[in-house]
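Asker: After the sequence you'll find the predicted model.
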Amino acid sequence: MKITAVTPFILHVPVTGSQIADSTHTISHWGVVGAKIDCDNGLSGYGFTGTHAHLPGDQLVTRCIETCHAPLLIGEDAHDVQRLWLKLARNPALQWVGRAGITTLAQAAIDIALWDLKAKAGGVPLWKLLGGQVRERVRAYNTDIGWLSIPDDQLVDGARRAVAEGFSGIKIKVGSSVERDLRRLQSVRRAIGPDVTLAIDGNGKWDLATCRRFCRGAEDSDVFWFEEPTWYDDVKGHAALARATSIPVALGEQLYTADAFSEFFAQQAVHWVQPDVTRLAGLTEVLQVCATAHSFRLPVAPHAGDMSQVHVHLAYAHPAVQVLEYIPWIKDCFTEPAEVVDGAFRLPQQPGAGTTPTADAWARLRQPTA
Ligand code: 0YR
Ligand code: MG
């Protein structure tokens, strides 16, 4: 299965409604920025990273795929996923310009495309390749009802609707003001009752003092986790908050390396581990994070940068993964969408990683890569 071509692509997919906001971003589209890898056996693999659909930034990623990573892949055997991961990640030519960041996002797309190819070549859905099914169901929690841009009354309605649809978990955004966010948290908790898990996500906005003040007011609302309470890379800040509150700390969606996760584990700064195959250098590196988390007895809840197309395979196959984020924006762009039925993700059936776009999405949503 020799690699004959590596072609970058960009899709911009509209979000639910005209736009959504968390504490730090307001966006109208999700960027699916990736690579199509063709092989001499006629198979094509697809992989992608997730972005906020800023075209000049997306084009930095596709340019990196095309000019830096692709030349190292042509002629290689696509089966050799781990060896090719090392070849790209340890490429001395790139270490000074980007040991993390654009180069990592570009590598994520390639690594996922290689896993997609390997699963397609074996004729199996990726979860089979990853060791097989370890759980009956992968519980989904719904984030799409909880944006900060949703007014208070509609927030409560949306939470009720998600529960009525079968979701046993939801997540709402915080990071505006402590008073407003506590009011929203309490009214959602009252509306959904005690049996639905309710997580909150600050997207790194608040400082430690504000986080502590919020947590004092939130202790009675049975918060499942507080995600990215403070700055993404701040290990000691998260460790201090973890000691100060009974609310579990979740993070990882903005960490680019397995080493960064290890530091949070070692300092007891995280309870729920949230790696993302589109943020680290692909599934290969996320598998390493999951194994390390598991050895620390920490549960994993992958972040939905891939909107759960790839993560659902990981979640069915890896013992550390407990629950998976659901945001439906891009699912219909793929030949096998990540669907939720009765609060659980459907077990994928098609060979591959779930990353093959439909002809319609490919025709309608493509953006120029340069
Ligand atoms: C919107 N999920 C998240 C979106 C979402 C972000 O900026 O990217 O809110 O990925 O934090 O947990
Ligand atoms: Mg988040």
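Answerer: Cool, the structure landed. Numbering: from 1, shown residues only. Ligands and ions are numbered 1, 2, ... in the order given.
Asker: Show me what the residue in the chain positioned nearest to ligand 2 is bridged to.
Answerer: Evaluated by C-beta to the ion, the chain has residue 201 as its residue closest to ligand 2, separated by 4.4 Å. Where C-beta positions appear, they are placed from N, C-alpha and C, glycine not excepted. Here residue 201 sits in beta bridges with residue 173, residue 227, as judged by DSSP bridges.
Asker: Go ahead and confirm it touches residue 143.
Answerer: Yes - judged on C-beta atoms under 8 Å, residue 201 makes contact with residue 143 at a distance of 7.4 Å.
Asker: out of those two, which sits in the more crowded spot?
Answerer: Neighbours around residue 201 and residue 143, counted as other C-beta atoms under 10 Å, are more numerous at residue 201. The numbers are 28 against 24.
Asker: How much space separates that one from residue 138?
Answerer: To residue 138, residue 201 is 20 Å away according to C-beta to C-beta, to the nearest Å.
Asker: Can you list the residue ranges for strands in the stretch 201-350 of the chain?
Answerer: With DSSP state E, counting those that start in this stretch, the ranges of strands along the stretch 201-350 of the chain come out as 223-227, 249-251, 272-273, 323-326, 340-341, 344-345.
Asker: Let me know the average pLDDT across the longest one.
Answerer: What that stands for is strand 223-227. Strand 223-227 comes out with an average pLDDT of 99.
Asker: List the buried residues for it?
Answerer: 223-227 (16 or more other C-beta atoms under 10 Å).
Asker: cool, and stretch 245-260?
Answerer: By 16+ other C-beta under 10 Å, the buried positions in stretch 245-260 come out as 245, 247-258, 260.
Asker: same thing with stretch 70-78?
Answerer: Buried-residue list, stretch 70-78, by 16+ other C-beta under 10 Å: 70, 72-73, 76, 78.
Asker: can you put those in JSON lines and add pLDDT, secondary structure and distance to ligand 2?
Answerer: JSON lines is the format used below for the buried residues of stretch 70-78 (pLDDT from 0 to 100; DSSP: H, G, I helix; E, B strand; the rest coil; distance: C-beta to the ion, whole Å):
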{"residue": "70", "pLDDT": "98", "secondary structure": "helix", "distance to ligand 2": "31"}
{"residue": "72", "pLDDT": "98", "secondary structure": "helix", "distance to ligand 2": "32"}
{"residue": "73", "pLDDT": "98", "secondary structure": "coil", "distance to ligand 2": "31"}
{"residue": "76", "pLDDT": "98", "secondary structure": "coil", "distance to ligand 2": "35"}
{"residue": "78", "pLDDT": "98", "secondary structure": "coil", "distance to ligand 2": "32"}
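Asker: nearest to residue 1, of those residues?
Answerer: Closest approach between the buried residues of stretch 70-78 and residue 1, by C-beta to C-beta: residue 78, at 4.6 Å.
Asker: Next, the contact list for the closest one, please.
Answerer: Residues near residue 78 by C-beta atoms under 8 Å, 6 or more residues apart in numbering: 1-3, 37, 39, 45, 84, 114, 117-118, 121.
Asker: I appreciate the help and will end here.
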